[in-house]
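>>> Prediction below, plus the sequence it came from.
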Amino acid sequence: MNSRILAAVAAAAAAVLALTGCSSAGSGSDPNNPNQLEAFTWWASGSEKVGLDALIGVFGTQYPGIEFINASVAGGAGSNAKAALASRLEADNPPDTFQAHAGAELDDYIEAGQLQDLSSFYEEAGLTDVFPTSLISQLTVDGKIYSVPSNIHRANVVWVNTSVLEAAGIDSTTAPETMDAWIEDLQKLKDSGVESPLALGTEWTQMQLFENCLIADLGPEGYNALWTGAMAWDGPQVTKAVDHYGQLLEFVNSDYSGLDWDAATQIVIDGNAGYNVMGDWAEAAFSQAGLTYGEEYTTFPTPGTQGVFDFLADSFTLPVGAPHEQAAKDWLRTISSAEGQKAFNLAKGSIPARTDAVATDYPAYQQTAIASFGEDTIVSSLAHGAAARVAWSSAIASAIGKFGGDRHPEALINALVQAADDAAE
Amino acid sequence: MRPSFRTWGPPLLLLSPSIVLLGIFVYVLIGTNIGVSLGDRHSLQPAENFVGLDNYIALLTEERFLHSLANLGIFILFFVAGTMAFGFLWAFLLDKGARAEGVFRSVYLFPMAISFIASGVVWRWLLNSAEGDRASGLNRIFESMGLGFLQNSWWNEPGWGMAAIALPAVWQLAGYVMALFLSGFRGFPAELRDAARIDGASEWKIYRHVIFPQLSPFALAALIIVAHMSLKVFDLIMAITKPIYQTEVPATYLWIALTSNDYAKAATIATILLLLVSVFIVPYLVHTIRRERINP
């Protein structure tokens, strides 16, 4: 009798477990309903969320019949979202469109056959005419384009606290022409009593500073050639860039590896450092601190990289097997439209990828970025996934992080060569 | 005489859900993980070839992985020594009869209730390495107390800086070790102490020769628990330093390999971590099983 009851309880428990194992994690997306769009992003907070909301607003007016399903994953500057996305793609359950950094960060998805070619979409939406040709060529992989950028950021910008420079007798209105001239200015600042003239932060900001040195010493063609394998990593120019990077590290705050980019930028805002090399999202930090562009702070392209626009972009894709392909194309049309790009970029503080944008709609710094974007040579940022695939840039990041501790140039160059060899396999 | 289904059936049926769950979510996954680590799946595409131990050889000869192991070693050393020493000291003091024992017990145990992520965020600030005018956290406290010479760069120091990461971990888990030791002290019959006293043993001798030897099972249990926890350290480092080279341990390296789509490498690191944990766990299990056989 007793054992029968036991057996029944056990059977019931086993059945419940089996049932819960089967139930799916319904996400609200219904493949049979064509008027839905599930967009996957890591824009879940701050100006990025404001930007996404602005985009959703434009999408709602352009395509009123389509329900927008926001599948954003917060945290870890996108790394949580990328991990979640990888498991969805692995399980053949892709969203209709997902956010990714434009450029080489997409290579893994492309090689795994997870993304659809959007070249014909570019033709049809007229994007080939409104995006700069050098941007299109950076986005093209084997003659095909797999993503549509919603916004552009620039990573070779020096943010300058003008009063710190003037106190040391440095003219803040003219930028130094070369890396060496800039290092002289840094030395001047240090001699005048500024303990750490150049503000720096955690590993990716170090990588960004290093990539600025690479662009300065190799020029845009040489820098691009590094990523195609046409330029060796142990050549004299890379050695020179490593040398410049090592010299720059002599001027940075000692606690750099523990600071996020915003904490590093804050050092410049507070007047404890003169310079910070940072992407142009730093603009929001300066304007929120109540500083005026051109007076209390100013910017210039990193010395030696004049005429080069080190770009990174957020972009959207069309995965293979997207349940609502038509709606996803509508979304891509919205984010690439003049209206969509304006709404998003005004909210996020970046600049539109379209060259037909009206510069005067934007604040002072963005106007300078829009002007350079139209005329400069565009290269892909390493620190932000545009230049090298994820595994390659993560190997470079670790080599740069190691260099911060041991300051051993040969070891860094060996590690860079090794990383390039591994990536070429 | 074969035992009937009625004898062994119901217990087996009752256990089957957990056997099935454990089987799938622990052992099958361990097996799958080892399978991935023996293949060449270094991207999102499926593995093409069986490569045997190549991934293991590559990893164990890689400077970066050895660096992460060295970091882990420093962390374990300070973490285990710190928790054991403080845990034992506090338990000893409380056992000697401190006033307001309940208060102290809670004070020491409370940090354990906080997740590593939450305390890591606070310790990230406390262990900020800026000195002088820009100092914050502990360095600021030292500065304002006139102990400026104590300021240091904490985990920012290459190499031994990992010891600074052990600081919050010790703070969180020493109370747990204390509770283990205290239960050892308390589980000890009062008659034994009385008997020793009658025999004329001094208070120190009672501890040295009667109580401490009886504590060794508790010490072993505490050591195993703390050591295997330290091998898995991940959240604390993610919160305090973010995943960077300088404070890289195998678990954070695994995360980086996984998020750069190098599944074979991530699986290899996971398997090596599993082996390291079993170095601690297996002898303990063998020891426990043997003891239970002797006196069930």
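Perfect, I can see it now.
>>> could you give the mean pLDDT of the one helix or strand B:Ala219 maps to?
For B:Ala219, the host element (DSSP states H and E) is helix B:212-231. For helix B:212-231, mean pLDDT is 88.
>>> what residues does it touch?
Applying C-beta atoms under 8 Å, 6 or more residues apart in numbering or on different chains, the contact partners of helix B:212-231 are B:72, B:75-76, B:79-80, B:83-84, B:87-88, B:169, B:173, B:176-177, B:180-181, B:183-185, B:188, B:273, B:276-277, B:280-281, B:284, B:287. (Each C-beta comes from the backbone N, C-alpha and C, glycine too.)
>>> From the residues you listed, list just the buried residues.
Among these, those scoring as buried are B:72, B:75-76, B:79-80, B:83-84, B:87-88, B:169, B:173, B:176-177, B:180-181, B:184-185, B:273, B:276, B:280, B:284 (criterion: 16 or more other C-beta atoms under 10 Å in any protein chain shown).
>>> which strands and helices sit next to the following helix or strand past the helix holding B:Ala219?
Scanning forward in sequence from helix B:212-231 by DSSP H and E, the next helix or strand is helix B:235-240. Where contact means 3 or more C-beta pairs under 8 Å, 6 or more residues apart in numbering or on different chains; DSSP states H and E, helix B:235-240 is packed against helix B:116-126, helix B:162-186, helix B:250-259.
>>> any chance of these in TSV, with distance to chain A and mean pLDDT too?
Output for these, formatted as TSV (distance: least, C-beta to the nearest C-beta, whole Å; pLDDT from 0 to 100):
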stretch	distance to chain A	mean pLDDT
helix B:116-126	7	91
helix B:162-186	11	92
helix B:250-259	5	94
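>>> between the ones you listed, which gets nearest to A:Ala54?
Ranking these by proximity to A:Ala54 (C-beta to C-beta) places helix B:250-259 first, at 28.9 Å.
>>> okay, now the residue in the stretch 51-200 of chain A that chain B sits nearest to: neighbour count?
At 3.7 Å from chain B, A:Ala112 is the closest residue in the stretch 51-200 of chain A, using C-beta to the nearest C-beta. By other C-beta atoms under 10 Å in any protein chain shown, the residues close to A:Ala112 number 17.
>>> Could you pull up the contacting residues of it?
Contact analysis of A:Ala112 by C-beta under 8 Å, 6+ apart lists A:89, B:43-45.
>>> let's see it at 6 Å
B:44-45 (C-beta atoms under 6 Å, 6 or more residues apart in numbering or on different chains).
>>> now do B:Tyr108
B:Tyr108 touches B:90, B:175, B:178, counting by C-beta under 6 Å, 6+ apart.
>>> ranges for the strands of the chain?
Went with chain A since none was named. A:36-40, A:67-70, A:97-101, A:140-141, A:144-145, A:147-154, A:157-161, A:198-199, A:275-277, A:297-301, A:308-317, A:377-380 (DSSP state E).
>>> what would these look like in a markdown table with mean pLDDT?
What follows is these, written out as a markdown table (pLDDT from 0 to 100):
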| stretch | mean pLDDT |
| --- | --- |
| strand A:36-40 | 94 |
| strand A:67-70 | 94 |
| strand A:97-101 | 94 |
| strand A:140-141 | 92 |
| strand A:144-145 | 96 |
| strand A:147-154 | 95 |
| strand A:157-161 | 96 |
| strand A:198-199 | 96 |
| strand A:275-277 | 97 |
| strand A:297-301 | 95 |
| strand A:308-317 | 95 |
| strand A:377-380 | 94 |
